[in-house]
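J.: Quick one, fold the following:
(chains A and B)
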Number of protein chains: 2
Amino acid sequence: MGDDRETPAPFEPVGTIRAKRDGRALEPERIAWAIDAYVKGSFAEEQMAALLMAIFWRGMDERELAAWTEAMIASGERSDLSDLGPAVVDKHSTGGVGDKVSLALVPLVAACGAVVPQVSGRGLGHTGGTLDKMESIPGWRAHLGTDEQHRILATCGCMIAAATERFVPADRRLYALRDITGTVESIPLIASSIMSKKIAEGARALLLDVKVGQGAFMEQRSDAEALAETMVGIGSAHGVRTAAMLTSMDVPLGQAVGNAIEVAEAIDVLRGGGPEDLRTIVLEEARAMLALVGIDTDPAQALADGRALERFSEMVRLQGGDPDAPLPEGVHLADVPAPRSGWLTKLEARKVGMAAWRLGAGRSRPGEAVSKTAGVRCLVKPGQAVSEGQPVVALFGDDPSRTAGALAELAGGVEVGDEPPEPRPLVLGRIGC
Amino acid sequence: MGDDRETPAPFEPVGTIRAKRDGRALEPERIAWAIDAYVKGSFAEEQMAALLMAIFWRGMDERELAAWTEAMIASGERSDLSDLGPAVVDKHSTGGVGDKVSLALVPLVAACGAVVPQVSGRGLGHTGGTLDKMESIPGWRAHLGTDEQHRILATCGCMIAAATERFVPADRRLYALRDITGTVESIPLIASSIMSKKIAEGARALLLDVKVGQGAFMEQRSDAEALAETMVGIGSAHGVRTAAMLTSMDVPLGQAVGNAIEVAEAIDVLRGGGPEDLRTIVLEEARAMLALVGIDTDPAQALADGRALERFSEMVRLQGGDPDAPLPEGVHLADVPAPRSGWLTKLEARKVGMAAWRLGAGRSRPGEAVSKTAGVRCLVKPGQAVSEGQPVVALFGDDPSRTAGALAELAGGVEVGDEPPEPRPLVLGRIGC
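T.: Predicted structure coming up:
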């Protein structure tokens, strides 16, 4: 009946879904209403699922993205780190195989005078998580209270901590919904998810490491560029100085892929050594982060003189860990030998990541425990010479029953040719750094 | 962990959503699995919402549509009317303002020798429902048991009945989900919803009346054509001889728009009179339906000699109604006068439908009661001459408080010009008839 209808509310779910479905931009006020209504339950799960698929299809423009991110942030608290000074800078990587960059980068940048409040996550699938790696250090705790975080940052200028429930609760629900509705791989949804958390957590400046290649979430450079540009745009819209590097992820970064094995390699870098590719990326990212907050210091010096390592040890201690305790080591389970002599031309990041995952380094469901010692060491990297039978990849862990599965993942992942491959740059592109 | 994973099931929801999202055709077995899993609860509502939006975006090809329709049918029972002979033919209209065609058509086609098991629905929004109209007849019942339906069809060759729960339960759930997720207006979803019900209900042949124009669900001829072709394709894939007519819905059909007022007008047609446009459409559709089942009889003769009216009365009696009881009549509430003298050039179907709805003839929520007497009579139709102040539209009903709202809906819906408008054909296109 006509006249017993209420005057319609300015926004309602079906009209919102239809607007996006038909390719119209959503008004900022409508987006703020929709996220709030979703958190409060009047925008139903199935309606949000349809809206997410419509966003996957139609995208969001800059204004919508800023509003979506703002609305996500508004669902929780927002950290104020202004008492820590102006040089507060964080870093986010989209994740890759052997990507232990943050473990060395965070204390290195802090040793150069910045404050780095790194909030990180756990791994799922073939790329590892920073927290899982750090938890191989005896006693180290990822979960810190607000006051504890603040105290640690004030004391040593850096931390690596798990996200708390206080920030962006809407993202946790949206991410779980995206995961079961085939709407994960949407650039605006990925970008707003990452940026809302980084902004809520109080970063004043942010460096994004967007990995590109078959071992990364973004396999195509064009997708990675679009994601990087989108995130930089969101950062700018929220007053966060944001820069991005596109880095290659066709080959594992460094030699170690796993948990304790990656911590050990990060410590090698902090000691002034470590694999060249890893050391290069750590220094490039450190320079970019320092530039974002106007600090003119050479980070290579902080590696050389031990300040970075010292800062790492202090951070570990402040988070309950023992930096001097030996890291757990796995049993050497098997090797993949070179099929012939020549030059290593291929070492597929995804296959190496999958092998480490099969050995137990990763999880297939959120909340699953991971093995500290499981992992893969890449003894030879593309561009190096090998002899027939020489081990290229070594498998470690604590469960020999997993060896066969891990070896199967590596099938076809190692190739040897007559010529060295063209060298590939590590840094493929930069935005604002 | 790798090796404690189960071998994945052949199909699962996220992979299914992603396949459609990425524009791939879904295998028939996957579609059968998905609908069954949805009905049984292992394909969640939010996952189906995402899949429906992906279908809205990507469409379905003929093979997918046939499988989707088959899977919908398989969710319930399928009627067997084969003992009623080969000439079982039904009709479906996509709905329009003043569309009381079925009320006259069903008994007319039965009077010519076919069997017409019309299962119909109720109205929502500005277009009325056949059952709502028929329920203005004192005593008439829409809800018939299976045996009763069969007995009535065997006795008088026709019925007009409400759908039962037995047929296509998946459609009821999918429709409710589409309604709240902005996925109603998808041609493959509309077509499979309509056709699954018609096929499950036992039609051997089917005429579709797809309305086109601003008073119809499909405003664009190209959309109406696509819908008609899609439905004809599904019918063919299921062995149902299916034809379609595209008919104009810019102006209300006939003069009456409402419930009892439309029944009275349908009876006028069955008596050999009635408005010319309505009579034309009824005869065109009757000829098409008879042709589909190979009956070579002139339906105009069955109108002229009273056989069609007699069949209507018999059907009404068999469904508990009294065909001789006077129909309820509303109070004459108001008129819309011609603003000047000239030729009526416009009488907007949607506005007339909305006015009838405001008067109480329609509902805004499923399950709401409707007024039997509320309605609008179009006293002048486009192409006829009018004098200034002459009533063009008359409003009837039982609740004078609704008059102002109904008049407001009609604002701008009536136009008078200096020249008669170009005559518009009633039948805009035909497929297979």
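
J.: Alongside chain B, which residues does chain A contribute?
T.: For chain A, the residues in contact with chain B (Cβ under 8 Å from any Cβ of the partner chain) are A:1-3, A:5, A:13-14, A:17-18, A:21, A:44-50, A:52-54, A:56-57, A:177, A:179-183, A:357-360, A:362-364, A:368, A:401-402, A:405-406. No exception for glycine: its C-beta is placed from N, CA and C like everyone else's.

J.: For the most centrally placed residue in chain A, which residues count as its bridge partners?
T.: A centroid search over chain A (Cα atoms, centre = their mean) returns A:Ser93, at 3.5 Å, as the residue closest to the centre. In this entry, A:Ser93 is beta-bridged to A:Asp209, by DSSP bridges.

J.: need the strands for chain A, in chain order.
T.: A:89-93, A:116-120, A:158-162, A:205-212, A:241-248, A:256-258, A:331-337, A:342-347, A:375-378, A:385-386, A:391-397, A:414-417, A:427-431 (DSSP state E).

J.: what angle separates the fourth one from strand A:427-431?
T.: So the one you mean is strand A:205-212. Counting by axes from the mean of the first three to the mean of the last three Cα atoms, to 10 degrees, strand A:205-212 lies at 140 degrees to strand A:427-431.

J.: Single out the residue in the stretch 251-400 of chain A that lies closest to chain B.
T.: When scored by Cβ to the nearest Cβ, the stretch 251-400 of chain A has A:Arg358 as its residue closest to chain B, at 3.6 Å.

J.: which of the residues of chain A next to chain B are buried?
T.: Buried positions within these, assessed by neighbour count (16 or more other Cβ atoms under 10 Å in any protein chain shown), are A:1-2, A:13-14, A:17-18, A:21, A:44-50, A:52-54, A:56-57, A:177, A:180-183, A:357-360, A:362-363, A:402, A:405-406.

J.: What ranges in chain A fall below the confidence cut-off?
T.: For chain A, the stretches with pLDDT under 70 are A:1-9, A:124-125.

J.: Please repeat the previous calculation with a cut-off of 50.
T.: Residue ranges of chain A with pLDDT under 50: A:1-8.

J.: Could I get the contacting residues of the residue nearest to A:Glu348 when sequence neighbours are not counted?
T.: Excluding the flanking residues, the one nearest A:Glu348 by Cβ to Cβ, 6 or more residues apart in numbering or on different chains is A:Gly413, at 4.0 Å. Shown in contact with A:Gly413 (Cβ atoms under 8 Å, 6 or more residues apart in numbering or on different chains): A:Lys346, A:Leu347, A:Glu348, A:Lys351, A:Val352, A:Ala355.

J.: just to revisit the earlier point, help me confirm that the residue nearest to the centre of chain A comes into contact with A:Asp209.
T.: Yes - with contact defined as Cβ atoms under 8 Å, A:Ser93 and A:Asp209 form a contacting pair (4.1 Å).

J.: tell me, what's touching the two both at once?
T.: The contact sets of A:Ser93 and A:Asp209 overlap at A:Asp99, A:Val101 (Cβ under 8 Å, 6+ apart).

J.: Please look at A:Arg178 and A:Leu189 and confirm they touch.
T.: Yes - if you go by Cβ under 8 Å, A:Arg178 and A:Leu189 touch, sitting 6.4 Å apart.

J.: Which neighbours do those two have in common?
T.: Common neighbours of A:Arg178 and A:Leu189 (Cβ under 8 Å, 6+ apart) are A:Leu52.

J.: and the strands of chain A as JSON lines, adding distance to A:Glu135?
T.: Listed next are the strands of chain A as JSON lines, based on distance: least, Cβ to Cβ, whole Å:
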{"stretch": "strand A:89-93", "distance to A:Glu135": "18"}
{"stretch": "strand A:116-120", "distance to A:Glu135": "11"}
{"stretch": "strand A:158-162", "distance to A:Glu135": "10"}
{"stretch": "strand A:205-212", "distance to A:Glu135": "21"}
{"stretch": "strand A:241-248", "distance to A:Glu135": "25"}
{"stretch": "strand A:256-258", "distance to A:Glu135": "12"}
{"stretch": "strand A:331-337", "distance to A:Glu135": "20"}
{"stretch": "strand A:342-347", "distance to A:Glu135": "27"}
{"stretch": "strand A:375-378", "distance to A:Glu135": "14"}
{"stretch": "strand A:385-386", "distance to A:Glu135": "34"}
{"stretch": "strand A:391-397", "distance to A:Glu135": "16"}
{"stretch": "strand A:414-417", "distance to A:Glu135": "30"}
{"stretch": "strand A:427-431", "distance to A:Glu135": "29"}
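
J.: Quick check: closest non-adjacent residue to A:Leu290.
T.: A:Cys112 (5.6 Å).

J.: What is the neighbour count of A:Arg365?
T.: By other Cβ atoms under 10 Å in any protein chain shown, 8 other residues sit near A:Arg365.

J.: I misspoke; the intended subject was A:Ala191.
T.: The number of residues near A:Ala191, taken as other Cβ under 10 Å, comes to 25.

J.: so who does the residue nearest to it when sequence neighbours are not counted touch?
T.: Leaving aside its chain neighbours, A:Ala191 sits nearest to A:Thr230 (4.1 Å; criterion: Cβ to Cβ, 6+ apart). By Cβ under 8 Å, 6+ apart, the residues touching A:Thr230 are A:Leu65, A:Ile187, A:Pro188, A:Ala191.

J.: ok so, going back, helices - which of the residues of chain A next to chain B land there?
T.: Applying DSSP state H to those, the entries found in helices are A:13-14, A:17-18, A:21, A:45-50, A:52-54, A:56-57, A:177, A:179-180, A:357-359, A:405-406.

J.: one step back: for the residue nearest to A:Ala191, give its distance to A:Arg279.
T.: 30 Å (Cβ to Cβ, to the nearest Å).

J.: likewise A:Ala111?
T.: 15 Å.

J.: So which of the two has more stuff around it?
T.: A:Ala111 (28 against 18).

J.: how near is the more buried one to A:Gly272?
T.: 13 Å.

J.: next one: A:Val316
T.: 18 Å.

J.: Next: A:Ala226.
T.: Between A:Ala226 and A:Gly272 the computed distance is 37 Å (Cβ to Cβ).

J.: do the same with A:Leu292
T.: Taking Cβ to Cβ, one finds A:Leu292 at 24 Å from A:Gly272.

J.: Ok, A:Gly432 next?
T.: In terms of Cβ to Cβ, A:Gly432 sits 29 Å off from A:Gly272.
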